[in-house]
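Novice: sequence plus predicted model, see below.
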Amino acid sequence: MRTPLFLIGGCLLNLTASLQGQEVGPSGFNISSITVGGSGCRENSFTTNVAADRMSFALTFYENIVESGPGIDLKNGIKNCQITLNLSIPVGWRFAVAGFDYRGYIKLDEGIEALHNTKYYIQGAGPGTTVTNTKKGPEDNPFFYQQQVKIDDRVWSPCDKERAMNINMTMRVWNADRESFPNAYGVMGTDSAEGSFQKWKLSWSRCP
């Protein structure tokens, strides 16, 4: 497996709560537990760090890398990770995802394409939102993707109930033109040592 030197880390995720522009949630909000599974975050392939005030969390994945090329098993071209956050929400408050940031590294020969797909949804609050970012080779650069959710489009958690926030990530690279580029190679991943991350921004509102 050919892995560039810059892919020495994994995927760093960071969740912060914001209230009226401040990175702090209402008193009583906390992340009670985090469950992670999937081919991109297998047992013993990641580390978890929850802040003492339980207002943020970080996950670093050491195998969250996908690649495609001659002699590489097709299963190495796709990875999935399911993250479930069990949240305790203070009585009288609700939250919504206000934004999503993702930064990583990618190297694609001509003919190779890559996809990063994230779906997030709050238990009991509808189907959720899917964010998709695609790239085509040739490409050999760090990349940054950011999405801000408009106020009118935000999906709010149900009031006065503890709810889980689910995040499902899929990374994939593949040769879209094997006939023209049979020896093309591509890799996508993230390097936490370089500050790569996924960041979830929350907004808060009093229950109506």
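Specialist: Here it is on my side, so go on.
Novice: for the protein, name the helix or strand with the lowest mean pLDDT.
Specialist: Between all helices and strands in the chain, the lowest mean by mean pLDDT, DSSP states H and E belongs to strand 12-17, at a mean of 52.
Novice: after that strand, next one along is what?
Specialist: Scanning forward in sequence from strand 12-17 by DSSP states H and E, the next helix or strand is strand 30-37.
Novice: mind listing the strands that next one pairs with, and their directions?
Specialist: Strand 30-37 pairs in its sheet with strand 78-88 (antiparallel), by DSSP bridges.
Novice: can you list the strands that the strand ranked longest in the chain pairs with?
Specialist: If you go by DSSP state E, the chain has its longest strand at strand 93-108. Strand partners for strand 93-108, identified by DSSP bridges, are recorded as strand 139-148 (antiparallel), strand 186-189 (antiparallel), strand 197-206 (antiparallel).
Novice: least reliable of these going by mean pLDDT?
Specialist: Set side by side, these differ in mean pLDDT, and strand 197-206 is lowest with a mean of 74.
Novice: how far does it sit from the chain's center?
Specialist: If you compare the mean C-alpha spot of strand 197-206 with that of the full chain, they lie 13 Å apart, counting by CA atoms, centre = their mean, to the nearest Å.
Novice: picking that back up, alpha carbons of the longest strand of the chain, as PDB, please.
Specialist: The C-alpha atoms that make up strand 93-108 are tabulated as PDB, following Å, rounded to 0.1, in the frame of the first residue of the first chain:
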ATOM      1  CA  TRP A  93     -33.500  24.300  25.200                       C
ATOM      2  CA  ARG A  94     -33.000  22.900  21.800                       C
ATOM      3  CA  PHE A  95     -30.100  22.800  19.400                       C
ATOM      4  CA  ALA A  96     -29.300  22.600  15.700                       C
ATOM      5  CA  VAL A  97     -26.300  22.200  13.500                       C
ATOM      6  CA  ALA A  98     -25.200  25.600  12.300                       C
ATOM      7  CA  GLY A  99     -22.200  24.700  10.200                       C
ATOM      8  CA  PHE A 100     -19.700  22.100   9.100                       C
ATOM      9  CA  ASP A 101     -16.000  22.400   8.300                       C
ATOM     10  CA  TYR A 102     -13.700  19.700   6.900                       C
ATOM     11  CA  ARG A 103     -10.100  19.900   6.000                       C
ATOM     12  CA  GLY A 104      -7.900  17.100   4.700                       C
ATOM     13  CA  TYR A 105      -5.300  16.000   2.100                       C
ATOM     14  CA  ILE A 106      -5.700  14.500  -1.300                       C
ATOM     15  CA  LYS A 107      -3.500  13.200  -4.100                       C
ATOM     16  CA  LEU A 108      -5.200  12.000  -7.300                       C
END
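Novice: what is whatever helix or strand comes next after it packed up against?
Specialist: The element immediately downstream of strand 93-108 (helix or strand, assigned by DSSP H and E) is strand 112-122. Of the remaining helices and strands, those touching strand 112-122 by 3 or more CB pairs under 8 Å, 6 or more residues apart in numbering; DSSP states H and E are strand 93-108, strand 129-136, strand 163-175, strand 186-189. Using the backbone N, CA and C atoms, a C-beta is placed for each residue, glycine as well.
Novice: I'd guess residue 76 is in a strand, am I close?
Specialist: No: per DSSP: H, G, I helix; E, B strand; the rest coil, residue 76 lies outside any strand segment and is helix.
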